[in-house]
Every structure is written in structure tokens, then in C-alpha cells.
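# Could you look at this predicted model? Sequence included:
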Amino acid sequence: MARAEPSDVTFSQGGRMLFYLVSPNETSFSDVGAVPRYVEQATPFFVGLLLLEVFVGWLKTGNLLFKVNDGTTSLSAGMISRLPNLFVRSLEVSSYIYVWNNFRILELPWDSAWTWWLAFLGVDFGYYWVHRCSHELNILWAAHQVHHSSEYYNLSTALRQSVTQQCASWVFYLPMALLVPPSVFAVHIQFNLLYQFWIHTELISDLGPLEWILNTPSHHRVHHGRNLYCIDKNYGGTLIIWDRLFGTFAPEGDKVVYGLTHPINTFEILYVQFHYYTYLWQQFVNANGIAHKLSVIFKGPSWEPGKPRLGDHENVPKMLSQTTLLLMAGYILLTLTCLGCIIDQRPAVALLETARCVFMIGLHSLGFINPGASLLALATRVFGGLSALYWAVQILRQPSVETKCH
């Protein structure tokens, strides 16, 4: 097969490769040097979809989904992450070639559709574990946190990549090098990355039956959330089946709040890229004993002495669910209505205040209101109950009370 140069990537291929809609026949090469740099070739399509998302988002919401400061930071991170590849082939491919040349035990045919599909599954399976370990090992999270540092979720967020991520990810693909040719691997490692671009959007809601198999915008929104139900979920690249198999899947529920659990509040690109390494070093130095020092490096970002390997997320800021927001909004509206009726001395105030006190006790009992200290929680129930009793007595003293405040 002839060497494929960048110009050999047609417009049709360029659009389809973002969605992995390519065939083995058009993307199989005998030599790794013949594999096009698909990621670089996709740049015009990235720009096109970014502009399309901004336009469609404006039509649907009347607002721009793209924030200049955040989007610029994401684009800067994307450019920095690709700089090493301008000079040398990626560490993932280079290490893969070394293992293939020296340790392969079987040489599958490069032009076989079976080899192509095996590589597709192998790369995606490897990515699942790269991604999962990048969340569960603090030293790898230091690189991956860059991608999660945006508090917005749009196509520009997909470009917010770490310059140091490849320093560890290459290890997870080496078992494939024992039998799958480097040229096949070099194709799929790029397509797996390209596929993940379009799923960074809020404009696509549900894809029906495809949600069972593919990683979709809905699934990946969960992955980028800092809600408790979102943390450490949905690691898949192209497929979601690995998350379903290994128990890390979560469907989209309450509105997702994006970003890090402890936001960095800056757009300075070098700080975004490297600040966590400084934090990690400080944690390492301050840890007592070699066991704790190693735990700082190799356990989860939320780990502390005495906690499980991944931490228990007690320090994660709680996100209010849609149900909580509706109940709290209803309680505030009822409270303000009662206040107005008390000021106007309306007869219906007794009934409304009784309802408000009972509502407050119910919210507290169900955990929607949490005063914090146990003594304060007890006082809330006691005084709430006494208030409800007082206003109930007022209702009995006014048997003909009006039930409307007008």
C-alpha cells in the first residue's frame, strides 16, 4: 500500500473520522510511517464544529455557550498538549513500536479486518484503564485534572488536554504490541481520541439505544460533573460497555455541575497545566511515614489517612438536586407569602403558617434542610413543632377563617 500523506485524507474521511465512521479498507496501512496524522488533519473540522455549536446554541438558548476566557484557556491547553508531537511521534506509538520490534509473540496481518476490529476493541479497553487510573491514582490525576478544570462543557472543553498525560498512558497499550502491528495501533489511538471530541456538548440529549453501547454526550457529561453521583464514573472512550461491565457506569440524572470539586479559579495556562504537581509535592513532604507518602502518590485524590483508597468524598461540596431546588423554592415562596399575610393581618395566616411549619419539619426530617450541629437540628424541630401547634390553635379559635390571602 502506498504511503498516505496528509493530502490523502479526503473531506469525507475528515468528517467521518470524528465519529469513527471509517472502514478497515480505507484506514489500514502496511507501515506505521504511512499512517496519516489524523488528529492534525482534523483541525479544520474541530473549528467547524465549534462554530456550529456556538451558532446552534445561540439559536436554542439565546446565549453564547462559548466563554472567551474559558475557551481560550482550553484552546491553549490543546495546543500545548500537541507540541511534542510536532517533533517526534507520540510516546504511545514509539514505545509500542519498541515492544513490537523486540518482544512480539505473534504477527497478526495488518490488512485483515479482524485485526482492525481487534485493535479497535483493544485500544478502547486500554483507554478505559488509562482513564480510570488517571482518576484513581493521584500521580496520574495531576496530569488529567487539566481536562476537568473547565467549569463549562462544550466542544472547546474537549481540547483542554494535558501535556504530561502521555508520560504514563503508553504503558496501558503495550500488551497489544505483542501481536497487533504498530500501523494498526497508530490508526486507532488517533480515532479513539478524535471520537471523544464531539461528545463534549450539551446540545445533544439522548441517542436512544446507542446509549447502551457507545459513549455519548449524556454519559460524558456525567463524567465531567462534580455532583456526588458523577464522581469516578463513565470512563469509556468510544464504548460505554466497559463501564457497565466493571461497575463504573452512572446515567445522567440531576443537572450536572462541571469542573473540579475544588475549582482553581484561574485561566493562566501554565498554572492550569502544572499546579497540581506542586500541590502533590507538598502533600508528599507533609505526609508522615513512607506508607503515607506512597499513599499520597498512588491512592486517589480524595485519600487521607484513615480513609479508603479512593477517599469517601466527605469534603466534596454538595450539589443541590432538582427536587431539592424545587422544594426549597416552594418553601421560600410560602415563607414570603406568610410574611406578607402576617403584616397585613390576613385571617388565612394561621392556616398558611401551620402549613409552613409542617413543611419545614418535613424538609428537615427528609434531609433537605440541615442546620449542621445536632443541638441546632433539635431546636429546629422543637420550635418548628411549637410554632405549628400555636398556629393550629389559632385555626381552631377562628372556625370561619378564610383560606385565601387576598
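Done, it's in.
# Residue 148 is in contact with residue 224, isn't it?
Yes - counting by C-beta atoms under 8 Å, residue 224 is a contact partner of residue 148 at 6.4 Å. Using the backbone N, CA and C atoms, a C-beta is placed for each residue, glycine as well.
# residues bridging contact with these two, i.e. touching both?
Both residue 148 and residue 224 are in contact with residue 259, where contact means C-beta atoms under 8 Å, 6 or more residues apart in numbering.
# Could you give the average pLDDT over the stretch of helix or strand residue 101 belongs to?
Remark: residue 101 resides in helix 91-103, with elements defined by DSSP states H and E. In this model, helix 91-103 carries a mean pLDDT of 95.
# Now for residue 121, how many residues are close by?
Counted by other C-beta atoms under 10 Å, the residues lying close to residue 121 total 15.
# swap that for residue 396, sorry
Residue 396 has 9 nearby residues by other C-beta under 10 Å.
# For this structure, name the helix or strand with the lowest mean pLDDT.
Taking mean pLDDT, DSSP states H and E as the measure, the helix or strand of the chain with the lowest value is helix 374-397, at a mean of 73.
# Following the chain past the helix holding residue 101, name the next helix or strand.
helix 113-136.
# Who are the packing partners of that following helix?
helix 138-148, helix 166-169, helix 182-198, helix 241-246 (3 or more C-beta pairs under 8 Å, 6 or more residues apart in numbering; DSSP states H and E).
# hey, C-alpha coordinates of the longest one in PDB?
If I follow you right, that is helix 182-198. Extracted C-alpha coordinates of helix 182-198, given in PDB (Å, rounded to 0.1, in the frame of the first residue of the first chain):
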ATOM      1  CA  PRO A 182       2.000  -0.800  15.100                       C
ATOM      2  CA  SER A 183       0.400   0.600  11.900                       C
ATOM      3  CA  VAL A 184      -3.000  -0.600  13.000                       C
ATOM      4  CA  PHE A 185      -2.500   0.700  16.600                       C
ATOM      5  CA  ALA A 186      -1.400   4.100  15.300                       C
ATOM      6  CA  VAL A 187      -4.700   4.400  13.400                       C
ATOM      7  CA  HIS A 188      -6.900   3.500  16.400                       C
ATOM      8  CA  ILE A 189      -5.100   5.500  19.000                       C
ATOM      9  CA  GLN A 190      -5.900   8.600  17.000                       C
ATOM     10  CA  PHE A 191      -9.500   7.700  16.100                       C
ATOM     11  CA  ASN A 192     -10.200   6.900  19.800                       C
ATOM     12  CA  LEU A 193      -9.100  10.400  20.700                       C
ATOM     13  CA  LEU A 194     -11.000  12.000  17.800                       C
ATOM     14  CA  TYR A 195     -14.300  10.300  18.700                       C
ATOM     15  CA  GLN A 196     -14.200  11.900  22.100                       C
ATOM     16  CA  PHE A 197     -14.300  15.400  20.700                       C
ATOM     17  CA  TRP A 198     -18.000  15.600  19.700                       C
END
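# Report the inter-axis angle for it versus helix 91-103.
Interaxial angle, helix 182-198 versus helix 91-103 (axes from the mean of the first three to the mean of the last three C-alpha atoms, to 10 degrees): 160 degrees.
# Report the rounded mean pLDDT for the helix or strand just after helix 182-198.
Using DSSP H and E, the helix or strand that follows helix 182-198 towards the C-terminus is helix 217-223. The pLDDT scores in helix 217-223 average 98.
# From residue 225, how far out is the nearest residue to residue 133 once chain neighbours are set aside?
Nearest non-adjacent residue to residue 133, counting by C-beta to C-beta, 6 or more residues apart in numbering: residue 140, 5.5 Å away. As for residue 140, its distance to residue 225 is 20 Å (criterion: C-beta to C-beta, to the nearest Å).
# coming back round to it: and the helix holding residue 101, how far from the chain's centre?
31 Å (C-alpha atoms, centre = their mean, to the nearest Å).
# Just the CA coordinates for stretch 344-352, please, in PDB.
Coordinates of each C-alpha in stretch 344-352 appear next as PDB, following Å, rounded to 0.1, in the frame of the first residue of the first chain:
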ATOM      1  CA  ASP A 344     -51.500  42.600  56.500                       C
ATOM      2  CA  GLN A 345     -53.100  40.600  59.400                       C
ATOM      3  CA  ARG A 346     -54.900  38.400  57.000                       C
ATOM      4  CA  PRO A 347     -57.200  35.700  58.600                       C
ATOM      5  CA  ALA A 348     -55.700  33.000  56.400                       C
ATOM      6  CA  VAL A 349     -52.300  33.500  58.000                       C
ATOM      7  CA  ALA A 350     -52.900  30.800  60.700                       C
ATOM      8  CA  LEU A 351     -53.600  28.100  58.100                       C
ATOM      9  CA  LEU A 352     -50.600  29.200  56.000                       C
END
